[in-house]
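Undergrad: everything below, folded, please.
(one chain, ligands or ions: 1)
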Amino acid sequence: MPDLNGQVVVVTGASSGIGAELAIEASNAGAKVVLAARRLERLRQVANACAGEHRVVAADLTSAADRQSLVDRTLEKFERIDILFNNAGLGAYGHFIDSMESDWRGLFEINLFAPVLLTKLVLPHMIARGSGTIVNLASIGGLVAHSDRVCAYVASKHALVGFSRGLAKDLVDTGVRVLVACPHLTDTEFFTVSPGADQMASLVEKFRASMDAPREVARGILDQLDSEHPIVFPTAKPAAAYAKQKDI
Ligand SMILES: NC(=O)c1ccc[n+]([C@@H]2O[C@H](COP(=O)([O-])OP(=O)(O)OC[C@H]3O[C@@H](n4cnc5c(N)ncnc54)[C@H](OP(=O)(O)O)[C@@H]3O)[C@@H](O)[C@H]2O)c1
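TA: Okay, here's the model as predicted:
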């Protein structure tokens, strides 16, 4: 685990799953953590498990005002941001032919535009200080089409990987780094709260035993924060899945 002593870390989607574990583990590693998501009570529960200084900010990341308030409240308390985890996200299940325009727009709001626009607010502070790390939570589905009936999700995560790669090029020589973490199936609420999840319930049950645990995924990401390569596979499973499917 890296030494994050005194580093200011913002985690979106910190109320459950991978984001909650990122917040707790970063706090255990010495970071000052800002936890953001919509469910305030759940954020408070996660914050109680954080060892160090922290702030909880209720925010809908698809709202411009909430994104601005997250940045303002972080700077007000901790005066800088060293690491931004753009982790909040949703899945979407169903055949493309049955999807509505509103499904696509809603998914891209949280999976692409929220991280892009939050990054836009945070970057000037990082660039002015000449250091910082942006970590975008994509998916193995951001690199390959890992399944059927997840077309919009795969498209949104490919877009997030593309954004991360492009941004890394724009930030060369600024001291700010960009990573994009690509987990595989991870046992979180993602499979119950995402639109269309009920259609996938029996399939998810079949795969549950082989899923990664969110804590392993969080630790895998934190362990690779110094990675020179922007694409980070948090555990061996997504790395193996990518090796198998990358030519498809
Ligand atoms: N689980 C997997 O198999 C898997 C695999 C690859 C990648 N990922 C990616 O990993 C990330 C975390 O997912 P997870 O598996 O940990 O799922 P999760 O347990 O469902 O967590 C998702 C988080 O996103 C937050 N969120 C959703 N919409 C939001 C909004 N509009 N504003 C603010 N926060 C919002 C949720 O909080 P509130 O509901 O409280 O707002 C929650 O904290 C996602 O980007 C996901 O695509 C997951």
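
Undergrad: can we go C-alpha only for contacts and neighbour counts from here?
TA: Will do.

Undergrad: just the helices in this protein please.
TA: Applying DSSP state H to the chain gives helices spanning 17-28, 40-48, 64-78, 101-108, 114-129, 151-170, 190-193, 197-208, 214-223, 236-245.

Undergrad: any residue of the last one up close to the ligand?
TA: Right, the one you point to is helix 236-245. No - contact between helix 236-245 and the ligand is absent, the nearest approach being 8.9 Å (criterion: Cα under 6 Å from any ligand atom).

Undergrad: beta partners for the residue nearest to Pro115 when sequence neighbours are not counted?
TA: Leaving aside its sequence neighbours, Pro115 sits nearest to Asn86 (Cα to Cα, 6 or more residues apart in numbering; 5.5 Å). As for beta bridges, Asn86 partners with Asn136 under DSSP bridges.

Undergrad: from the ligand, how far out is Asn86?
TA: Using Cα to the nearest ligand atom, to the nearest Å, we find Asn86 at a distance of 8 Å from the ligand.

Undergrad: just checking, that residue touches Phe113?
TA: No - look at Asn86 against Phe113 with Cα atoms under 8 Å: they stay out of range, at 10.7 Å.

Undergrad: let me see the contact set for the residue nearest to Pro115.
TA: Counting by Cα atoms under 8 Å, 6 or more residues apart in numbering, Asn86 makes contact with 11-13, 115, 134-137.

Undergrad: now with 7 Å, please.
TA: By Cα atoms under 7 Å, 6 or more residues apart in numbering, the contact list for Asn86 reads 11-12, 115, 135-137.
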